[in-house]
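Participant: Starting from these lines, generate the structure:
(chains A and B)
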Amino acid sequence: QKEVEQNSGPLSVPEGAIASLNCTYSDRGSQSFFWYRQYSGKSPELIMFIYSNGDKEDGRFTAQLNKASQYVSLLIRDSQPSDSATYLCAARGTNAGKSTFGDGTTLTVKP
Amino acid sequence: EAQVTQNPRYLITVTGKKLTVTCSQNMNHEYMSWYRQDPGLGLRQIYYSMNVEVTDKGDVPEGYKVSRKEKRNFPLILESPSPNQTSLYFCASSLGWADYNEQFFGPGTRLTVL
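Facilitator: Numbers count the residues shown, from 1 in each chain, chains lettered A, B, ... in the order given. Prediction:
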C-alpha cells in the first residue's frame, strides 16, 4: 500500500462545476497535508495546506481533513479551464523532513 | 526575486559518467530537498537537509549523494549514473519544517542517461 494514495484519474469536469480530488494516507502520525498544482512541464506550486481537522477555504478552493479516516480532499468550485493540471497531495509524516507525495490526479476542465 | 534555481535544466549523459546537478536558493531557507518525478509516480523524495551539514535519506536515495556545506546550496551528485536514473529532478526549499512551511520548487532538471 502506498503511503499516500490519490483517486485515479483522469478527472474531467465541465466549466463552472465542482471538482473533487481525494487523498488517503497510511501514516497516522502525519501532521500536515499540502495540495500542489502542477502544469505540464512545470514545477509544482502550492495551492493550500491543512493540518487541523475540518475545512479550510481559500477563494474557490476548500481543503478538508479528517484524521480519523486518514482522508484529505480538495474541492475546486466554479472550475475554470485554467484549473486543468495535475494535482499532487503531499503528507508530512512522523519523520521530520520526510515528505511523501501521491501519484497525482490529472484534472481537465472543459469549456 | 526569491527563487530556487537548478542547473543544468537539461542534461544528456552516458552511463557511469559522474555528474552534479546544482541547486541554490536565495531565501535563506533552512530546509532543502531533492525529488525525482517519473511518469505516473508523483514526486519521490531522494534526500533532504534540515540545515547546514545535516542531511538524511528520503525514499529513493540509492545511487545519489548530496552535501550541504552552505545554507543556500544543495547539490545532487550521481557518482555513476545508470539509465534507471533518467528522470525529471526537482529541488525544493522551505523556511523550516513547521506544519505551515510550504516548499518552493525549482524549475526542474530533465536528465537522460544513455
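
Participant: Chain A contacts on chain B?
Facilitator: Residues of chain B lying near chain A by Cβ under 8 Å from any Cβ of the partner chain: B:31, B:33, B:35, B:40-45, B:48-50, B:56, B:58-59, B:90, B:97, B:99-100, B:102-103, B:105-108. Placement of C-beta: from N, CA and C, glycine included.

Participant: One more pass at 6 Å, please.
Facilitator: B:41-43, B:45, B:48, B:50, B:56, B:90, B:97, B:99, B:102, B:105, B:107-108 (Cβ under 6 Å from any Cβ of the partner chain).

Participant: Taking these, please make a ChimeraX selection of just the buried ones.
Facilitator: In ChimeraX syntax, the buried subset of the residues of chain B next to chain A is picked out as below (16 or more other Cβ atoms under 10 Å in any protein chain shown):
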select /B:42,43,45,48,50,56,90,97,102,105,108
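
Participant: Please flag which of the residues of chain B next to chain A sit within strands.
Facilitator: Judged by DSSP state E, the residues of chain B next to chain A include B:43, B:45, B:48, B:50, B:56, B:90, B:105 as members of strands.

Participant: could you dump these to JSON lines with pLDDT and distance to residue A:103?
Facilitator: Listed next are these as JSON lines, based on pLDDT from 0 to 100; distance: Cβ to Cβ, whole Å:
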{"residue": "B:43", "pLDDT": "94", "distance to residue A:103": "9"}
{"residue": "B:45", "pLDDT": "96", "distance to residue A:103": "14"}
{"residue": "B:48", "pLDDT": "96", "distance to residue A:103": "20"}
{"residue": "B:50", "pLDDT": "93", "distance to residue A:103": "26"}
{"residue": "B:56", "pLDDT": "95", "distance to residue A:103": "24"}
{"residue": "B:90", "pLDDT": "98", "distance to residue A:103": "15"}
{"residue": "B:105", "pLDDT": "96", "distance to residue A:103": "17"}
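
Participant: Done for today, thanks.
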